[in-house]
Structures are given as C-alpha cells and as structure tokens.
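A.B. asks: okay, sequence plus prediction incoming.
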Amino acid sequence: MRMSVLLRLLALIFMLITSWALVHSYISFSWKTIRMPRWLAGSVSKKSRVVRNKCDIGKPCPNNFFAFKILSGAANVVGPSVCFEDHMIMSPVKDNVGRGLNIALVNGSTGTVLRHGFFDMYSGDPTLLVTFLKEITKEMLVLVASYDDPGTKMTDELRGLFSNLGSSYAKQLGFRDSWVFLGAKDIRSNSPFEQFIKNNPNTNKYEGWPEMLQLEGCVPRKLF
C-alpha cells in the first residue's frame, strides 16, 4: 500500500516537472518569435522620435527660408515674444519687452538680428518710432508684436510707414488692438504674415482686451 502511494507521488512530481518544462519552453519560444531584430528595433525607435522645429513651429522650413514665430501680448498681463531662426529675440523671460509695439529687425539675407526694442504707444513719444522705422533698409525684415495698447499714439505718418512695410491693418490700428506682423520695406504687395483683432467689448476674450495672437511660418531668405 505504501509502495503504491509512493509511486503515485513520484508520478505526480514527474508530471509537474514535465508540465513546467513545456510551459517554460513555450514562453521562451514565444518571446523569441516576437522579439524584433536589433536593426529593425533601432529604425522604429528613430522614426518615433519627435523632431523639434526651429522656434517650435508646426513644420520645418525648406532651404533658403527662415523660421519665425511672433506672439502678441495677452491683455496687459503677459508680454509678447519674437523668435527668429530659433533665436528668442524678445520675450517676458528675457525682460526686454514693453507696453506698445515690440519690434525686431533682422538681416533678410543672413538672419542676423540687427536691432530690437519696444515703443510706448500710450504715453511715449511717437517720433522715436518714426525715426526707427525710417532707418529700415530693403535688406531688413521687420517683426512686430503688440502689447496692451499699440494704437493710441499711432499717427498718420506711422501708419504710412507700416503700410510701406506691407501691413494691411496699420491704418486700422487703435486702442488696445492685438497685432502681429512681419514685413519688409517697399514690397510689391501686402505681407502674407499678419494678424489683427480689433478691440471690441462684445467679442474681447479678456476684460478690455482681445485675445492673444500667434503668427508663425517660413519667410523666404532675401537674395541679392
């Protein structure tokens, strides 16, 4: 009787060992069959990487084009920013923006930043901006971002100078409007790089101000 019990116990142990071996070999085989070759895994990993574009714009720019992004200010709380060819020229973090119009000039051939500054269009002297704009040459690109109030001190002379840079909305610019713009001197038609929202109590996103604007894209390099 004891011998039969011992034989049954040995048979049970044998079955358990055999079952474990079969399961282990099956799992190992399944893992090998789904494991990708190293070269294939590497290519998938590379393809899945997120590619960052200059100035974090939505798509890369082709050769002989510059990437840019311009954000207007949000009400009188968050300042504007101007990025060109992955160089943040002006921003609240850099602490070089201010109320009114924030303007950067870059060389349209090399992309080099030439000058930048902000002009108070509420209580400042508009003749300073007139002088600044009159010094712009055909080799330059002009990037503009509004903040808080860009239009109170906007004169007819200033509107004409901005229109000559390709602006379609400079003649409408008024108190607390939102405006972003990229242009150049004496271009043949209006610039395709411009956005404008009128200050309107019925449609303003913020109390007393329209929404913030974002303008991004690829501007062709000026070839001389």
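C.D. replies: That came through, no problem. The structure displayed is predicted, hence computed values, not measured ones.
A.B. asks: and this protein, what are its domain boundaries?
C.D. replies: Listed domain ranges for the chain are 2-48, 54-220 (source: automatic domain parsing).
A.B. asks: pick out the shakiest of these, pLDDT-wise.
C.D. replies: Of all the domains of the chain, domain 2-48 carries the lowest average pLDDT, namely a mean of 51.
A.B. asks: checking residue 133 next. Helix, strand or coil?
C.D. replies: Taking DSSP: H, G, I helix; E, B strand; the rest coil as the rule, one finds residue 133 in the helix state.
A.B. asks: residues in contact with residue 71?
C.D. replies: Contact partners of residue 71, counting by Cβ atoms under 8 Å, 6 or more residues apart in numbering, are 80, 81, 82, 145, 180, 212, 213, 214, 215. C-beta: built from backbone N, CA, C; applies to glycine.
A.B. asks: which residues of the chain fall in strands?
C.D. replies: Secondary structure of the chain by DSSP state E: the strands cover 65-71, 81-84, 87-90, 100-107, 113-119, 140-147, 178-184, 194-197, 214-220.
A.B. asks: so which of these is nearest residue 51?
C.D. replies: Nearest to residue 51 among these is strand 65-71 (13.0 Å), distances taken as Cβ to Cβ.
A.B. asks: in the sheet, which strands lie alongside that closest one, parallel or antiparallel?
C.D. replies: With DSSP bridges as the test, strand 65-71 is paired with strand 81-84 (antiparallel), strand 214-220 (antiparallel).
A.B. asks: contacts for the shortest one, please.
C.D. replies: Translated: strand 81-84. 55-56, 66-71, 88-92, 97, 102, 104, 106, 111, 113, 116, 143, 145.
A.B. asks: related to what we said a few turns ago, dump the contacts of residue 71 to TSV, plus distance to residue 190 and neighbour count.
C.D. replies: Below are those laid out as TSV (distance: Cβ to Cβ, whole Å; neighbours: other Cβ atoms under 10 Å):
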residue	distance to residue 190	neighbour count
80	22	27
81	24	22
82	20	28
145	18	30
180	15	26
212	23	21
213	17	21
214	20	14
215	14	19
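A.B. asks: widest-spaced pair of the residues you listed?
C.D. replies: Farthest apart among the contacts of residue 71 by Cβ to Cβ are 82 and 212. That separation is 13.7 Å.
A.B. asks: show me what contacts residue 53?
C.D. replies: 59, 60, 61, 67.
A.B. asks: do the same with residue 167
C.D. replies: Applying Cβ under 8 Å, 6+ apart to residue 167 gives the contacts 181, 183, 190, 191, 194.
A.B. asks: can you check residue 51 too?
C.D. replies: If a contact means Cβ under 8 Å, 6+ apart, then residue 51 has residue 60 as its contacts.
A.B. asks: need the helices for this structure, in chain order.
C.D. replies: Here the chain has its helices, by DSSP state H, at 2-34, 38-48, 126-134, 156-164.
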